[in-house]
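Novice: what follows is a predicted protein model with its sequence.
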There are 6 protein chains.
Amino acid sequence: MVIRKVETGISGLDAMLRGGFPGGRIILVTGGPGTGKTIFCSQFLHYGATKQDEKIVYISLDESKSHFLEEMLAFGWDFKKLEEAQKFTFIDASDVRRIPEEAKVGKLQVGGKELARERLIDSIFTTFDESRAIDRFIGDLGAQRIVLDSISGLLFRFPEAAEKRQAILDIYEALERVGATCLITSEAMSIGEERQVQPEEYLSHGAVLLQTLGTGERAVRILKMRGTEVDSVPRPYQIGHTGVEVYSDQSIYQT
Amino acid sequence: MVIRKVETGISGLDAMLRGGFPGGRIILVTGGPGTGKTIFCSQFLHYGATKQDEKIVYISLDESKSHFLEEMLAFGWDFKKLEEAQKFTFIDASDVRRIPEEAKVGKLQVGGKELARERLIDSIFTTFDESRAIDRFIGDLGAQRIVLDSISGLLFRFPEAAEKRQAILDIYEALERVGATCLITSEAMSIGEERQVQPEEYLSHGAVLLQTLGTGERAVRILKMRGTEVDSVPRPYQIGHTGVEVYSDQSIYQT
Amino acid sequence: MVIRKVETGISGLDAMLRGGFPGGRIILVTGGPGTGKTIFCSQFLHYGATKQDEKIVYISLDESKSHFLEEMLAFGWDFKKLEEAQKFTFIDASDVRRIPEEAKVGKLQVGGKELARERLIDSIFTTFDESRAIDRFIGDLGAQRIVLDSISGLLFRFPEAAEKRQAILDIYEALERVGATCLITSEAMSIGEERQVQPEEYLSHGAVLLQTLGTGERAVRILKMRGTEVDSVPRPYQIGHTGVEVYSDQSIYQT
Amino acid sequence: MVIRKVETGISGLDAMLRGGFPGGRIILVTGGPGTGKTIFCSQFLHYGATKQDEKIVYISLDESKSHFLEEMLAFGWDFKKLEEAQKFTFIDASDVRRIPEEAKVGKLQVGGKELARERLIDSIFTTFDESRAIDRFIGDLGAQRIVLDSISGLLFRFPEAAEKRQAILDIYEALERVGATCLITSEAMSIGEERQVQPEEYLSHGAVLLQTLGTGERAVRILKMRGTEVDSVPRPYQIGHTGVEVYSDQSIYQT
Amino acid sequence: MVIRKVETGISGLDAMLRGGFPGGRIILVTGGPGTGKTIFCSQFLHYGATKQDEKIVYISLDESKSHFLEEMLAFGWDFKKLEEAQKFTFIDASDVRRIPEEAKVGKLQVGGKELARERLIDSIFTTFDESRAIDRFIGDLGAQRIVLDSISGLLFRFPEAAEKRQAILDIYEALERVGATCLITSEAMSIGEERQVQPEEYLSHGAVLLQTLGTGERAVRILKMRGTEVDSVPRPYQIGHTGVEVYSDQSIYQT
Amino acid sequence: MVIRKVETGISGLDAMLRGGFPGGRIILVTGGPGTGKTIFCSQFLHYGATKQDEKIVYISLDESKSHFLEEMLAFGWDFKKLEEAQKFTFIDASDVRRIPEEAKVGKLQVGGKELARERLIDSIFTTFDESRAIDRFIGDLGAQRIVLDSISGLLFRFPEAAEKRQAILDIYEALERVGATCLITSEAMSIGEERQVQPEEYLSHGAVLLQTLGTGERAVRILKMRGTEVDSVPRPYQIGHTGVEVYSDQSIYQT
């Protein structure tokens, strides 16, 4: 039994990953502002839909659909066309940010789920189509690549460490049941060498860190990738007019 | 569909931005004290009004109108004349700082807005003219460039991370509905290499960081700019008698 | 009376340990995300079962059984076969994460155990087989190597320092009574030279730190090992297709 | 309309300021212990009274009048004589520190002032002469230079960020109404390159940072100065028997 | 009157101490995990019992008696034999960790002791023999060297700074009344150059810091030693099969 | 009017101070553990009593009288003899640490003092002789040099910044009324270049920082000294058998 690899479509990255992301797993894409997390994830989606004939889903918490479509078109990625071809689904989950505060202080039930979190997850997956449950929806669609951008917009609702961790686990489990390869973006709260580790990094199967260095250079680093050998050296990358390009044979310390 | 670029009028910066800011988006201008955030934004406004024949709005939270006019005149920017020509509107929103504390602890309503935040946004936009709503006002005026200086004066009212994030989203949405290109200034709370990232950096479409280095030199850095390729290298800038000048072909590491 | 040494099966590490881990003790394996803590511990288990004919137990808090089996197979370690041969037991303790919040605020009884912690420990050890207590179970099985992966998933439930310390002691005591050599993984909360020490490091008999340096190189360091002389110099290691390999005759500062 | 410059009387500083402080504005003087904040401000006052025939006011929160007079005499500044000539007024506001705690928790009124802060400001300005309000007093005196030393003694009463910011704004507004050029001292809470920015730096029109470096050398740096071009390079200064001397043509990095 | 010196038995350390620890005082031994605090203290005890014919006591909070005996035997120190010769007493105070939480919130009585702390101290000293008070016990035994390992296990119970400080003072006073030379171990909470000072360092008569540097080298440093001149330079040490060896004529900066 | 200088008796320090401490003022002596704060202050006292025929007082919060006498004798300073000659008074204020917690939460009265703080100050000064108030006592004694060692033992009782600051002011005022030159020791809470400034540094008239560097070298630095020009360069010092010796013509950066 060998773990299936899913090609990313990001030049150079597949070399670092020895073929691609492990299939059906949850990969975190973390980094500071402007490091290209959304572009990185969209390129992964677009590649799946256009080169591998896969169904793809983008769940957005902070970005509107029109902005998303416009910005991706600048890289030559026509998600509108993919949507019309019924290959792409955009789920606008920004309403989740407005779930009432009261729900958050609901009681835990033994062996069950904390009410607020349950509602939270539900509301992400029922936003698209009220009349269908997400499982059925995904079943119908057969999505193979999912992006959740960003988990930070949800986690700010849980200031206590224990609650935050539980929410991450709930979200990961909900996504895992779907069976698709999932990228989840996360906002790094501190930048620099002495950075704090965020709990979502530990709970994901893999994690990729995108950094803009003080000099303006960009570096990508595979922090972890369970079940597969990878290149752990930070490599330079650029964001050009065709998206993210990783120079997997260069080192940021020898440029 | 290509994203429209809005020229900044700041020498050298348009080169870094490959033409200007993306039109109709919200750009954060962040930095320490004395880095020239207000000058930077006013220059952007003045250029629009005088060279592009646009309507411009400056929403002030901390600075009085008379001080603003006087200080900008020192750069040769006569906002008084622009106001008389009905091209410039100064909105003094400093009263917002005095909205009663009680409003802040109001209950959230499902699917709606938290009362205090709603009032907060309203009061910014109704300060200018009580009898007209902001939407109608902006509609009448047709403002194409708006500056909100500074968002920090509002965010101090929301000490909890979740509330702060929600307030940022509310302000951004209110401004976005207007359709103008908006610059929002933000006060950096820590300075140095190990700086904490502030949530408004993640939620804006673009972010520019202004820094005064230990040597007294100044550096501008484009932290992020969705939907457009930019120069991410920190570049030196100066504040002279004609405003901000960016040396986009120099590097702060090679001077 | 000489302390019995337990061979780790990790190439090069036994040299650093002067023969192996001290038998019947609790050793902490701490490190950042992606440093290979789970691989390290599984290699230790697999070696015991295949080369020393020992019974082994893996208690999982965050990882599902199917993922674990799949990921370990990538290193050529067939835990499924070991399970069928009744040498390996996988305890899925992930339900512990869902023990109700209320139990946590229970009263302490003089000389006894805090209710929540007691339940916590119990639930780890009764998850596998409700009808048997863990002591009897371990007695029947005769496990000589146990891995608990990770303790951090439990400790997040105890935000106060005193409670956290007590929980660590309870867990350590429960495991110690079993008599096996135990590896416990722990997530490092900060990374870098100025790191905070976590209480589980002080309370264990030994502690191993796994690090990925800024350059992508990996270093293993024996932080402590009571009752035995060890090599305290950080040594490079790699994660290859046969698991963890330590280069005990190299220094990370002279590569 | 050009902003009026007020000569500081501090050798070398006027060159850095291109003539002096902007007239009628509030300038913050911040720094660590022993950097000479009080001397700096007193020199500014003394110069105004003796060379420009201005009325001057020193509002003291921490220092008694007799200590102040004695310490300034050591620099040859005879404030006693200036007081007798009715050019100098010393306001001992140290009682403000004893305003009862209860007042602090008073309710905010819509559009009005928080009770405690109002009292606080009032008590500063009515300490000198109970029968006259500060406005009338300043009106009678015609003070052109005012020093408030230090604002930190007041701000410690407001531990929450929002309250602190409001108090700063109240104090600044009260002083601004007077029309004089005001220096306000502030105690830096952290020292070093990674210093936290304090809110009073953002809210003032200008800010000067005084530092004693690790080597014992002293450096002055103009952090900000709205409405005027200044020299932002840190310059060495000394405290000699004639007060503060700034070497505006030297750099602390080239001595 | 000259302060009596107590030889440590640790090679090289007595030279740094100009003869030994000051007699009858409380010396803190602080350091990170794995720096050999327990070995250091046990060597001090063993030397007293075997070379100076003294009675010795080891009060353990975290380590069981059997583990202690086994680990010390690895250095050739037979504490079992010393116990049989009635020279060594092992006090297992680990039950102190289980004193009920309620006791901790007891009321203070004027001039007296806070109830919980009183019970805490009592329980340490009555653990060994319920029927005798510690004073009488120590009186009978005539202990000249006492080790309390570690104080951190007690101090975690007092999260507030004022309570923690009071508890330290209570423990120090109780031990001081005994008249023996006491070593108390303490867990360093942060590691590195910018470390926070812990209150127990200030309240002890002397303090020794044990460090493992990034390179794996070990350094001992006498932080303070009241009433005696000492060598304050950090010196290298090793933990070999005969215990701790200090190289008092070498510097860690010149190796 | 020139500020009177008080010779310290510490070799080399008077040169740094241009003659000595300013008379009748409060000087803070701050530093990490083992930097010699108590020795520094005792040397100052001893010099006054033996060379200047002054009355001296040592107020101790943490150190017992017998330990103090013994430790100072090691430097050849016979405080016992000075006491017998009625030149030295030792005030044991350690009971202050046991003032009941309840007093601390007493109500503030308008214009008056917070109850607990009042009691605290009182109890320091009435410990020595219950029947006489401190003012009368000091009046009778005519003390010219007072040491309070350490203020940190008191300030731990006031965790909130505002309370702490008020307590410092109360203590400083009580001591100032006495008219003697006072040294107050303070424990530095953090060590290193990025240290936090403690409020007692700002409120004292002068402050001296004692440091032990990473190399074991010692450095003294005059942080501030109101009313007198001083040498602000850090200078090396040693603690030898005659006490503290400062090398005022050497620099720690050129040794």
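Specialist: On my side now, so go ahead.
Novice: got the contact list for A:Trp77?
Specialist: Contacts here follow CB atoms under 8 Å, 6 or more residues apart in numbering or on different chains; on that basis A:Trp77 touches A:Ser42, A:Gln43, A:His46, A:Gly243. (Each C-beta comes from the backbone N, C-alpha and C, glycine too.)
Novice: and A:Phe90, what are its bridge partners?
Specialist: A:Tyr58 (DSSP bridges).
Novice: report pLDDT for it.
Specialist: pLDDT for A:Phe90: 91.
Novice: and the residue lying closest to A:Met16 once chain neighbours are set aside, what is it in contact with?
Specialist: Leaving aside its sequence neighbours, A:Met16 sits nearest to A:Asp231 (CB to CB, 6 or more residues apart in numbering or on different chains; 4.3 Å). Counting by CB under 8 Å, 6+ apart, A:Asp231 touches A:Ala15, A:Met16, A:Leu17, A:Arg18, A:Ile222, A:Ser248, C:Gly216.
Novice: and the gap between the fifth one and A:Val197?
Specialist: Noted for A:Ile222: a distance of 15 Å to A:Val197, by CB to CB, to the nearest Å.
Novice: between these two, which one's more packed in?
Specialist: A:Ile222 (23 against 16; other CB atoms under 10 Å in any protein chain shown).
Novice: tell me the SS of that one?
Specialist: strand (DSSP: H, G, I helix; E, B strand; the rest coil).
Novice: who does it bridge with?
Specialist: A:Val208.
Novice: okay, it and chain E: tell me how far apart.
Specialist: Separation of A:Ile222 from chain E (CB to the nearest CB, to the nearest Å): 25 Å.
Novice: model confidence for that residue, exactly?
Specialist: pLDDT, A:Ile222: 95.
Novice: surely it meets C:Ile239?
Specialist: No. Using CB atoms under 8 Å as the test, A:Ile222 is too far from C:Ile239 to be in contact (11.7 Å).
Novice: what's the overlap in contacts for those two?
Specialist: Joint contacts of A:Ile222 and C:Ile239 (CB under 8 Å, 6+ apart) do not exist.
Novice: check contacts around A:Leu28.
Specialist: Counted by CB under 8 Å, 6+ apart, A:Leu28 has contacts A:Ile151, A:Leu183, A:Ile184, A:Thr185, A:Ser186, A:Glu200, A:Glu201, A:Ser204, A:Gly206, A:Ala207, A:Val208.
Novice: rerun that using 10 Å as the cut-off
Specialist: Listed by CB atoms under 10 Å, 6 or more residues apart in numbering or on different chains, the contact partners of A:Leu28 are A:151, A:168, A:172, A:182-186, A:198, A:200-209, A:223-224, C:33.
Novice: among these, which ones are in helices?
Specialist: A:Ile168, A:Tyr172, A:Glu200, A:Glu201, A:Tyr202, A:Leu203 (DSSP state H).
Novice: how far away is the first one from chain E?
Specialist: With distances defined as CB to the nearest CB, the gap from A:Ile168 to chain E amounts to 27 Å.
Novice: A:Arg157 too?
Specialist: Per CB to the nearest CB, A:Arg157 is found 27 Å from chain E.
Novice: tell me the bridge partners for the most centrally placed residue in chain A.
Specialist: What sits nearest the mean C-alpha location of chain A, by CA atoms, centre = their mean, is A:Ile184, with 2.0 Å. Counting by DSSP bridges, A:Ile184 is bridged to A:Leu28, A:Leu148.
Novice: next one: it from chain C, what distance?
Specialist: Distance, A:Ile184 to chain C, by CB to the nearest CB: 14 Å.
Novice: surely that residue and A:Glu176 touch.
Specialist: No. The criterion here is CB atoms under 10 Å, and A:Ile184 misses it with A:Glu176 at 11.3 Å.
Novice: from chain F, how far out is whatever residue of the stretch 51-200 of chain A ends up closest to chain B?
Specialist: Residue nearest to chain B within the stretch 51-200 of chain A: A:Glu71 (3.6 Å; CB to the nearest CB). Distance of A:Glu71 to chain F, given as CB to the nearest CB: 40 Å.
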